[in-house]
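S.K.: Curious how this folds, go ahead:
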Amino acid sequence: MHTGKERSETAVKVTVNGMIVNIILTIFKFIAGILGNSAAMIADAVHSFSDFVTDIVVIVGLKAAGKPADHNHQYGHGKIETLCAAFVGIVLFIIGLEILLSGLGKILVVINGGNLQQPGLIAFIAAVVSIVAKELLYRYTLNYARKIKSDAMEANAWHHRSDAFSSVGTMLGIGGAIALGGKWAVLDPIAAVILSFFIFKVALEITYRNANELTEAALEKDVIEDIEHIIVSTEGVKDFHKLKTRKIGNNIATDVHIQVDKQLSLIEAHDICTEIENRLREKYGKETILYIHCEPYI
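M.R.: Purely as a prediction, here's the structure:
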């Protein structure tokens, strides 16, 4: 189990590495788009630049989330990471919408008898490099995101993959235009429109999940059932009620009233509460936030 500081340091290191890759790709794509006379590649460069911007947002959010609790934030700063993840989800949706509208606009140009400009080989090479680099960056970021259980990093990983998706559409369009002639440049916007729906799906999932956390939604059903099982299987617990759950950043919070034999001493009842706390923290991490109220079983 990672400490808050170790988790924050790992997350920032991985995100900074991704930011460096995004800077290099953005510059390379802009140059390739200009030299290769490819509007699609220039648009792809803008997408990479948006990745760079969200990298900065995620880094700021992760550093803030890694700070310990203080007088003004007594439950820690975990919600900042959740907010950043939701922001990345919204940015992903906007990018998907941009790709969709741009693709539809180019298709309409062809339908109305217009022609799309044939790009050069360097733009095709840049698209291939982008696909490989961003897919590797997606896998690298997602791997660490799941290790340290960071929603913000996972959202950013999918942002990397959305860039790879857009580059696939760019590669197909540029490749088709080069191999089959200028009229086949319509392959680019067609592929982009299809891929935009994959980006929408991921964006909505990320935004919905993190917006739920910000509005204090309960934990997933299977997690709640597991918490209930831990409580009722603890020796000395007769019953429980008023179970409330939520997530604060990377940590879960649980509030519950347990009932124990009314003949028990205060120390014995307290020991039962402590045992529940230990079992829950062993399962969900030592920074799990718990409020256990003990009542006599009647």
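S.K.: any idea which element the closest residue to residue 90 other than its chain neighbours lies in?
M.R.: Closest residue to residue 90 apart from its sequence neighbours, by Cβ to Cβ, 6 or more residues apart in numbering: residue 207 at 5.8 Å. Placement of C-beta: from N, CA and C, glycine included. Assessed by DSSP states H and E, residue 207 sits inside helix 187-214.
S.K.: and that helix, what does it pack onto?
M.R.: Counting contacts by 3 or more Cβ pairs under 8 Å, 6 or more residues apart in numbering; DSSP states H and E, helix 187-214 packs against helix 78-111, helix 151-180.
S.K.: want to throw those into a markdown table with mean pLDDT, distance to residue 22 and mean neighbour count?
M.R.: A markdown table is the format used below for those (pLDDT from 0 to 100; distance: least, Cβ to Cβ, whole Å; neighbours: other Cβ atoms under 10 Å):
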| stretch | mean pLDDT | distance to residue 22 | mean neighbour count |
| --- | --- | --- | --- |
| helix 78-111 | 80 | 13 | 20 |
| helix 151-180 | 81 | 8 | 24 |
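S.K.: closest to residue 10 out of the ones you listed?
M.R.: Checking the helices and strands packed on helix 187-214 against residue 10 by Cβ to Cβ gives helix 151-180 as the closest, at 9.1 Å.
S.K.: which intervals of the stretch 1-150 of the chain have sub-threshold pLDDT?
M.R.: Applying pLDDT under 70 to the stretch 1-150 of the chain picks out residues 1-5, 39, 61-81.
S.K.: Hmm, residue 155 and residue 142 touching each other?
M.R.: No - with contact defined as Cβ atoms under 8 Å, residue 142 does not count as touching residue 155 (10.3 Å).
S.K.: Mind listing what's buried along whatever helix or strand comes next after the helix holding residue 207?
M.R.: Toward the C-terminal end, the helix or strand that comes next after helix 187-214 (DSSP H and E) is helix 221-232. For helix 221-232, the neighbour count (16 or more other Cβ atoms under 10 Å) marks 223, 227, 230-231 as buried.
S.K.: Only C-alpha atoms, please: export helix 221-232 in CSV.
M.R.: What follows is helix 221-232 as a C-alpha-only set of coordinates in CSV (Å, rounded to 0.1, in the frame of the first residue of the first chain):
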residue,chain,number,x,y,z
LYS,A,221,-22.7,-2.1,-4.6
ASP,A,222,-20.1,-4.8,-4.4
VAL,A,223,-17.9,-2.6,-2.1
ILE,A,224,-20.8,-1.9,0.2
GLU,A,225,-21.7,-5.5,0.4
ASP,A,226,-18.1,-6.3,1.3
ILE,A,227,-18.1,-3.7,4.0
GLU,A,228,-21.4,-5.1,5.4
HIS,A,229,-19.9,-8.6,5.4
ILE,A,230,-16.8,-7.4,7.3
ILE,A,231,-19.0,-5.7,9.9
VAL,A,232,-21.5,-8.6,10.5
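S.K.: Which secondary structure state does the residue lying farthest from the centre of the chain sit in?
M.R.: In terms of distance from the mean C-alpha position of the chain, residue 263 ranks first, at 49.7 Å (Cα atoms, centre = their mean). Classification of residue 263 using DSSP: H, G, I helix; E, B strand; the rest coil returns coil.
S.K.: And it, how close does it get to residue 257?
M.R.: 19 Å (Cβ to Cβ, to the nearest Å).
S.K.: Contacts for stretch 174-184, please.
M.R.: Here stretch 174-184 makes contact (Cβ atoms under 8 Å, 6 or more residues apart in numbering) with 36, 38, 40-41, 110, 115-119, 121, 123-124, 127, 185, 187-188.
S.K.: again, only this time at 10 Å
M.R.: 32, 36, 38, 40-41, 44, 110, 115-128, 172-173, 185-188, 190-191 (Cβ atoms under 10 Å, 6 or more residues apart in numbering).
S.K.: Mind checking which of these land in strands?
M.R.: Using DSSP state E to define strands, no part of the contacts of stretch 174-184 is located there.
S.K.: Of these, keep whichever come out buried.
M.R.: 32, 36, 38, 40-41, 44, 110, 116, 118-120, 122-124, 126-127, 172-173, 185-188, 190-191.
S.K.: Please parse the protein into its domains.
M.R.: 4-214, 221-297 (automatic domain parsing).
S.K.: Identify the residue nearest residue 135 in space, chain neighbours excluded?
M.R.: Leaving aside its sequence neighbours, residue 135 sits nearest to residue 164 (Cβ to Cβ, 6+ apart; 4.8 Å).
S.K.: Can you check my assumption that residue 247 lies in a strand?
M.R.: Yes - assessed with three-state DSSP, residue 247 lies in a strand.
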